[in-house]
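Asker: Next input, structure requested:
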Amino acid sequence: MRIIKQVLAKTVEFGGEQPSGWLPMTSAAPLPTPLQHTVVDVRIFETDGGFILEWKFRDTNDGNDSLHQTIEEAETEAAHRFAIEASDWEVSGDSRNRTIDEAKIESYNDSHIAAYPVEYIAGIDLYNAGEFHAAHDVWEERWMGEVGPQEKLFLQAMIQSAVAFHHLDIGRPGAARRMHQMAREKFARLGQSVFMSLDLEEYQKQLDQALLWLWDAADPRELVQPEIIPPKIRLLPQISDFD
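Answerer: Next up, the predicted model:
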């Protein structure tokens with residue numbers, strides 16, 4: 001399943017409708033429904049059966065999707081639901097335009113799948129496909145469970161590094177820099193060169209290459225974002241013990 005186009009952090013407004021229906025003549029006119037604002041991520045995926053329009057609200061993490069025969073039908077539905085115009089769509093040319101299956105290539109093998117939690121492997125797929133917020137969600141699900149202290153620290157560092165790129169996606173370089181710093185601190189506390197078959201020295205090298213520009217000014221909002229290449233997670237062949 002491949003992302004064709006997306007609109008991230010779209011602010012939408014709900015409510016304000018005037019109630020309809022019969023009322024007694026002596027009744028006071030009812031007030032409109034309350035106005036509410038929320039932020040939604042909208043994506044169009046290509047599948048074998050057509051095109052999927054997916055939307056996810058950031059404040060509640062709720063969402064839904066619909067299947068369409070053509071991309072034009074999916075765009076029309078997005079315009080109807082969220083007032084998305086043609087110029088709003090981002091046609092991604094970066095790693096997010098890869099399929100999840102492509103992201104799996106050389107990332108891990110069957111031994112890794114057997115040895116490690118499914119959330120860890122699923123998060124790798126999403127991260128390598130550029131779905132940083134979704135990778136955060138999957139890893140966080142594991143992190144919130146009953147895991148050992150080292151794995152919890154490792155997962156938190158991975159979550160924060162993924163969130164750094166998510167913040168860049170939505171234009172928040174200050175928050176991205178904070179997440180980068182926090183991830184580096186967690187990796188330092190972990191004190192491991194390899195954990196769950198991930199070469200942490202190589203991963204952090206890639207992470208710094210992508211994000212160190214955020215430290216070139218006191219306020220990263222003053223900086224022009226360069227073209228960045230997020231890390232690619234490829235597990236080492238050896239299976240690592242983890243608590």
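Asker: Give me the contacts around stretch 76-86.
Answerer: With contact meaning Cβ atoms under 8 Å, 6 or more residues apart in numbering, stretch 76-86 is reached by 7, 10, 12, 40, 42, 44, 53, 55, 66, 68, 75. (Each C-beta comes from the backbone N, C-alpha and C, glycine too.)
Asker: Check stretch 53-72 too.
Answerer: 4, 9, 38-47, 49-52, 74, 77-78, 81-82, 137.
Asker: Among the contacts of stretch 76-86, name the buried ones.
Answerer: Buried by 16 or more other Cβ atoms under 10 Å: 7, 10, 12, 40, 42, 44, 53, 55, 68, 75, out of the contacts of stretch 76-86.
Asker: Take those and lay them out in JSON lines including distance to residue 118 and secondary structure.
Answerer: Output for the buried ones among the contacts of stretch 76-86, formatted as JSON lines (distance: Cβ to Cβ, whole Å; DSSP: H, G, I helix; E, B strand; the rest coil):
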{"residue": "7", "distance to residue 118": "30", "secondary structure": "strand"}
{"residue": "10", "distance to residue 118": "31", "secondary structure": "strand"}
{"residue": "12", "distance to residue 118": "33", "secondary structure": "strand"}
{"residue": "40", "distance to residue 118": "28", "secondary structure": "strand"}
{"residue": "42", "distance to residue 118": "27", "secondary structure": "strand"}
{"residue": "44", "distance to residue 118": "27", "secondary structure": "strand"}
{"residue": "53", "distance to residue 118": "27", "secondary structure": "strand"}
{"residue": "55", "distance to residue 118": "25", "secondary structure": "strand"}
{"residue": "68", "distance to residue 118": "30", "secondary structure": "strand"}
{"residue": "75", "distance to residue 118": "34", "secondary structure": "helix"}
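Asker: out of these, what pair is the most spread apart?
Answerer: 12 and 68 (19.7 Å; Cβ to Cβ).
Asker: hmm, back to that, hmm, which two among the contacts of stretch 76-86 are most spread apart?
Answerer: Maximum distance among those (Cβ to Cβ): 19.7 Å, for 12 and 68.
Asker: so can I have a markdown table of the buried ones among the contacts of stretch 76-86 showing distance to residue 144 and pLDDT?
Answerer: Output for the buried ones among the contacts of stretch 76-86, formatted as a markdown table (distance: Cβ to Cβ, whole Å; pLDDT from 0 to 100):
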| residue | distance to residue 144 | pLDDT |
| --- | --- | --- |
| 7 | 29 | 86 |
| 10 | 28 | 81 |
| 12 | 29 | 80 |
| 40 | 24 | 86 |
| 42 | 27 | 90 |
| 44 | 31 | 89 |
| 53 | 30 | 92 |
| 55 | 25 | 90 |
| 68 | 35 | 91 |
| 75 | 36 | 94 |
